[in-house]
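K.L.:
next come a sequence and a model predicted from it.
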Amino acid sequence: MQKKALITGITGQDGCYLAKFLLGKDYQVIGVVRPEGNSDLNGLKYLKILDDITLMRCDLLNQGDVFNLISKFYPDEIYNLSAQSSVGESFQNPYETINFNITSVLNLLETLRILSDKRIKFYQASSSEMYGKVPNLPVKENSVIHPLSPYAVSKATNHFTTINYREAFGIFSCCGILFNHESFLRSEKFFVKKVIRDSILIAHGKKNVLRVGNIDVKRDFGFGPKYIEAMWFMLQQNEPDDYIICSGRSVSLKEIIYWVFNYFSISKERLVIEDSLIRPNELFDMFGDNSKARKILGWNYNFDFFEVLNILIKEELENFHEADKCFL
């Protein structure tokens with residue numbers, strides 16, 4: 001019998017690539033979009049999978065809407081990828097970030113508790129951001145959690161809520177603790193995408209400088225399409241658990257900028273540090289330990305991030321002229 005997967009946040013980077021991955025495994029994919037307004041379907045169109053997905057409008061802040069949706073489809077697997085996911089934006093709108101991120105997860109898990117169908121497996125998108133001030137590196141699943149932003153606070157709450165519903169109610173619920181992961185479909189508000197796009201504009205004489213905040217910090221970056229495979233692996237296990245998904249190495253933001261600048265022969269004088277772009281709380285270095293995912297899930301990751309940067313630059317350039325009206 002064909003399996004059914006429900007994906008919240010399907011129009012985001014991870015939702016699009018996960019949908020394509022699951023369709024390749026002959027799943028029926030149901031995607032959740034916002035109840036009002038026009039959803040950005042460009043990622044699904046870009047991957048040529050829009051017509052293969054059932055899109056459903058649902059207000060994740062409304063318990064009744066969530067219950068009706070899940071009880072209508074009774075999916076085998078639920079992947080909750082929906083969230084206000086920008087750290088910077090969370091400082092500007094802490095209430096909206098915390099309210100949506102926490103309430104939506106609670107509504108999903110509470111629906112599963114009420115339905116009491118142990119067949120349904122639930123994946124929660126946790127984040128490396130929730131660890132914050134880690135006393136020792138690399139970050140492991142049991143590292144101390146000390147969030148440094150409203151976004152991280154919401155993700156930490158969701159993480160423990162998911163664990164609580166697993167332990168208290170026997171729900172098959174897993175947390176994937178993903179570190180930074182990039183792709184062509186990454187939103188422009190994220191650092192790597194911004195650097196690549198602005199650099200292309202500078203190289204084409206459409207922009208003068210790249211404006212950034214603190215570039216001395218280091219982060220664990222990876223390739224998004226590879227990371228979503230780990231989400232599926234988690235829900236194929238006999239027992240639910242939580243896993244860190246990362247590259248296991250960190251790279252500084254400065255190195256990323258210089259690599260991209262060198263690719264386009266852009267002078268470092270085109271780099272401008274803006275105090276207004278520096279976050280209120282910042283962590284100097286962060287990288288994770290993916291050994292548990294490798295050992296138990298059989299997930300393998302062997303990309304060097306500069307190799308990933310070349311992939312991203314190439315794909316961005318391939319789409320540059322076709323989309324230059326909106327891109328420029």
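P.N.:
That came in fine, so what should we check first?
K.L.:
burial count for residue 65?
P.N.:
Residues within reach of residue 65, counting by other C-beta atoms under 10 Å, total 18. No exception for glycine: its C-beta is placed from N, CA and C like everyone else's.
K.L.:
make sure residue 87 is actually in contact with residue 129.
P.N.:
Yes - with contacts counted by C-beta atoms under 8 Å, residue 87 reaches residue 129, the gap being 6.2 Å.
K.L.:
need the residues touching each of those two.
P.N.:
Taking C-beta atoms under 8 Å, 6 or more residues apart in numbering as the contact criterion, the common neighbours of residue 87 and residue 129 are 149, 151, 152.
K.L.:
among those, who's most crowded?
P.N.:
Most surrounded of the shared contacts of residue 87 and residue 129: other C-beta under 10 Å gives residue 151, at 26 neighbours.
K.L.:
chain neighbours aside, what residue packs nearest to it?
P.N.:
residue 90 (3.6 Å; C-beta to C-beta, 6 or more residues apart in numbering).
K.L.:
more crowded one of residue 87 and residue 129?
P.N.:
With neighbours defined as other C-beta under 10 Å, residue 87 and residue 129 compare such that residue 129 has more, 24 against 20.
K.L.:
okay, now the unreliable bits of this protein?
P.N.:
Within the chain, the set of residues satisfying pLDDT under 70 comprises 277-282, 321-328.
K.L.:
quick one, strands of it?
P.N.:
4-8, 28-33, 54-57, 77-80, 121-127, 172-178, 181-182, 210-212, 218-219, 222-223, 242-245, 251-252, 271-273 (DSSP state E).
K.L.:
could you dump the ones you listed to TSV with distance to residue 71 and mean neighbour count?
P.N.:
What follows is the strands of the chain, written out as TSV (distance: least, C-beta to C-beta, whole Å; neighbours: other C-beta atoms under 10 Å):
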stretch	distance to residue 71	mean neighbour count
strand 4-8	11	25
strand 28-33	13	23
strand 54-57	12	14
strand 77-80	12	25
strand 121-127	15	25
strand 172-178	17	25
strand 181-182	32	24
strand 210-212	47	19
strand 218-219	40	20
strand 222-223	36	22
strand 242-245	27	24
strand 251-252	45	17
strand 271-273	52	14
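K.L.:
can I get those strands in JSON lines including distance to residue 204?
P.N.:
Listed next are the strands of the chain as JSON lines, based on distance: least, C-beta to C-beta, whole Å:
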{"stretch": "strand 4-8", "distance to residue 204": "36"}
{"stretch": "strand 28-33", "distance to residue 204": "34"}
{"stretch": "strand 54-57", "distance to residue 204": "35"}
{"stretch": "strand 77-80", "distance to residue 204": "38"}
{"stretch": "strand 121-127", "distance to residue 204": "34"}
{"stretch": "strand 172-178", "distance to residue 204": "33"}
{"stretch": "strand 181-182", "distance to residue 204": "22"}
{"stretch": "strand 210-212", "distance to residue 204": "14"}
{"stretch": "strand 218-219", "distance to residue 204": "28"}
{"stretch": "strand 222-223", "distance to residue 204": "26"}
{"stretch": "strand 242-245", "distance to residue 204": "35"}
{"stretch": "strand 251-252", "distance to residue 204": "26"}
{"stretch": "strand 271-273", "distance to residue 204": "17"}
